[in-house]
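Peer 1: coordinates only, sequence not included:
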């Protein structure tokens, strides 16, 4: 389930992961540090129709930025990606996630941000996503793609909670904010360089 809530916890609407505007669209949920940068990366991927910043891994009562920031809610800052598999595959999204969006070898942190809420995680929505994610991690590990072990969790998605409105589309709305300039804009540029066919 995807749940959108305001800062006070009032549920605004709920819909099934399969109830998206495009009948052929699919969804994926990734956590890779602060959701601002991960959101921005996936918004620049062809075939992605929507990206929502939010929280996954915890309960509805604690799906609020101030509480998640304590690091004890079970939530990870995450993004819900809606995509057209005819234009971009789940495997391609995994490639972007592991090579551009974040560093999968950092445990419970990402860059300057520290805590379990910044952990690396894939919240799969079905058996096929689970299989693909596990297989891809095995391939990366066998190829010794990274100098340190991959610590990405691969766990089932129970519910996704949209973050507060002021976190949505953050990079586009605050392009000159220092955190964005130093931490997130380089990720978008790396996407353009490494995946020119996917970049938009």
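Peer 2: Yes, it's here. Only a predicted model underlies this, so the values are computations on that prediction, with no experimental measurement involved.
Peer 1: CA atoms for contacts and neighbours, from now on please.
Peer 2: Fine.
Peer 1: residues near residue 136, how many?
Peer 2: 16 (other CA atoms under 10 Å).
Peer 1: which residues touch it?
Peer 2: Shown in contact with residue 136 (CA atoms under 8 Å, 6 or more residues apart in numbering): 91, 94.
Peer 1: go on, residue 52?
Peer 2: Residue 52 neighbours (CA under 8 Å, 6+ apart): 39, 79, 80, 81, 162, 163, 168, 169.
Peer 1: tell me the SS of the first one?
Peer 2: Under the three-state scheme (DSSP: H, G, I helix; E, B strand; the rest coil), residue 39 adopts helix.
Peer 1: what's the burial count for it?
Peer 2: Using other CA under 10 Å, residue 39 has 30 neighbouring residues.
Peer 1: Also the third one?
Peer 2: As a burial measure, the neighbour count of residue 80 was computed by other CA under 10 Å and equals 25.
Peer 1: Nearest residue to it in space, please, no chain neighbours.
Peer 2: Among residues not flanking residue 80 along the chain, residue 29 sits closest, at 4.6 Å (CA to CA, 6 or more residues apart in numbering).
Peer 1: Quick check: mean pLDDT of the helix or strand the one you found falls within?
Peer 2: Taking DSSP states H and E as the definition, residue 29 sits inside strand 26-32. Across strand 26-32, pLDDT averages out at 98.
Peer 1: List the buried residues in that strand.
Peer 2: Buried residues in strand 26-32, counting neighbours by 16 or more other CA atoms under 10 Å, are found at 26, 27, 28, 29, 30, 31, 32.
Peer 1: With respect to residue 121, which of those is nearest?
Peer 2: residue 31 (4.9 Å; CA to CA).
Peer 1: Pairing partners for the closest one in the sheet, please.
Peer 2: Using DSSP bridges, the bridge partners assigned to residue 31 are residue 121.
Peer 1: Same list (the buried residues of strand 26-32) but as JSON lines, adding distance to residue 126.
Peer 2: Output for the buried residues of strand 26-32, formatted as JSON lines (distance: CA to CA, whole Å):
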{"residue": "26", "distance to residue 126": "11"}
{"residue": "27", "distance to residue 126": "10"}
{"residue": "28", "distance to residue 126": "10"}
{"residue": "29", "distance to residue 126": "11"}
{"residue": "30", "distance to residue 126": "14"}
{"residue": "31", "distance to residue 126": "17"}
{"residue": "32", "distance to residue 126": "20"}
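Peer 1: Which pair of those residues spans the longest distance?
Peer 2: So, these by CA to CA: farthest apart are 26 and 32, at 19.8 Å.
Peer 1: Residue 160 touches residue 55, doesn't it?
Peer 2: Yes - using CA atoms under 8 Å, residue 160 makes contact with residue 55 at a distance of 5.9 Å.
Peer 1: more crowded one of those two?
Peer 2: Legend: neighbour count by other CA under 10 Å for residue 160 and residue 55, higher for residue 55 (31 against 28).
Peer 1: part of a strand, is the more buried one?
Peer 2: Yes - under three-state DSSP, residue 55 sits within a strand.
Peer 1: Renumber starting at 56 from here on
Peer 2: Yep, numbering from 56; the last one is residue 110 now.
Peer 1: so it touches residue 213, yeah?
Peer 2: No - if you go by CA under 8 Å, residue 110 and residue 213 don't touch, sitting 11.0 Å apart.
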